[in-house]
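Student: Whatever this is, show me its structure:
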Amino acid sequence: MSIPEELSYTKEHEWVAGLDDGITVTVGVTAFAAASLGDVVFVQLPEVGASVERGDSVGEVESTKSVNEIYAPVGGEIVEVNQAVADDPSIVNGDPYGDGWMFKIRMAGDAEDLLSPEEYTALTSSES
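Tutor: Numbers count the residues shown, from 1 in each chain. I've put the predicted structure just below:
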């Protein structure tokens with residue numbers, strides 16, 4: 001399973017893109033999470049304009065196997081959601097690092113506790 005090198009990751013199996021600009025980041029679930037979930041049948045996204053703290057539950061991903069929370073990997077304001085994944089949740093399984101992104105956050109503060117691709121690889125190796 002590929003783990004893109006340009007992304008950061010969380011222990012909750014989310015990916016974070018755009019940390020380079022330090023302003024707005026894009027968040028999605030990893031391919032590992034999508035594969036573990038099975039067929040995604042429902043995605044609940046946060047509301048645009050919502051203020052979130054790092055670690056807050058901001059949505060859900062429901063599959064044929066389970067329901068899992070989506071957490072904010074950084075604090076800030078939700079500035080955009082991907083309505084396409086709410087309309088067609090299977091996108092999460094088919095393209096988790098591309099069209100399957102979940103939401104964007106305008107960051108307030110820093111991005112602590114994110115994992116490097118190497119750290120995330122080690123985490124998923126121990127969980128498989």
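Student: Quick check: buried residues in the longest helix along the chain?
Tutor: For the chain, the helix with the greatest residue count under DSSP state H is helix 117-127. Within helix 117-127, the residues scored as buried using 16 or more other C-beta atoms under 10 Å are Pro117, Tyr120, Leu123, Thr124. For glycine as for every other residue, the C-beta is placed from the backbone atoms N, C-alpha and C.
Student: isn't the last one right up against Ala31?
Tutor: What that stands for is Thr124. No - if you go by C-beta atoms under 8 Å, Thr124 and Ala31 don't touch, sitting 9.4 Å apart.
Student: burial measure for the closest residue to Asp39 other than its chain neighbours, as a count.
Tutor: Closest residue in space to Asp39, ignoring its immediate chain neighbours: Thr64 at 4.8 Å, by C-beta to C-beta, 6 or more residues apart in numbering. If you count neighbours by other C-beta atoms under 10 Å, Thr64 ends up with 9.
Student: What's the local residue count around the spatially closest residue to Ser66 that is not a sequence neighbour?
Tutor: Among residues not flanking Ser66 along the chain, Leu37 sits closest, at 6.7 Å (C-beta to C-beta, 6+ apart). Neighbourhood size, Leu37 [other C-beta under 10 Å]: 21.
Student: List the contacts of the most centrally placed residue in the chain.
Tutor: By C-alpha atoms, centre = their mean, the chain has its centre lying nearest to Gly28, at 2.6 Å. Contact analysis of Gly28 by C-beta atoms under 8 Å, 6 or more residues apart in numbering lists Glu14, Trp15, Val92, Pro96, Tyr97, Gly100, Trp101, Met102.
Student: Export those as TSV, with columns for pLDDT.
Tutor: Formatted as TSV, the contacts of Gly28 follow (pLDDT from 0 to 100):
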residue	pLDDT
Glu14	96
Trp15	97
Val92	96
Pro96	96
Tyr97	97
Gly100	97
Trp101	97
Met102	97
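Student: want to throw these into CSV with neighbour count and distance to Val52?
Tutor: Listed next are the contacts of Gly28 as CSV, based on neighbours: other C-beta atoms under 10 Å; distance: C-beta to C-beta, whole Å:
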residue, neighbour count, distance to Val52
Glu14, 20, 13
Trp15, 29, 17
Val92, 26, 20
Pro96, 23, 21
Tyr97, 18, 22
Gly100, 23, 20
Trp101, 22, 16
Met102, 26, 12
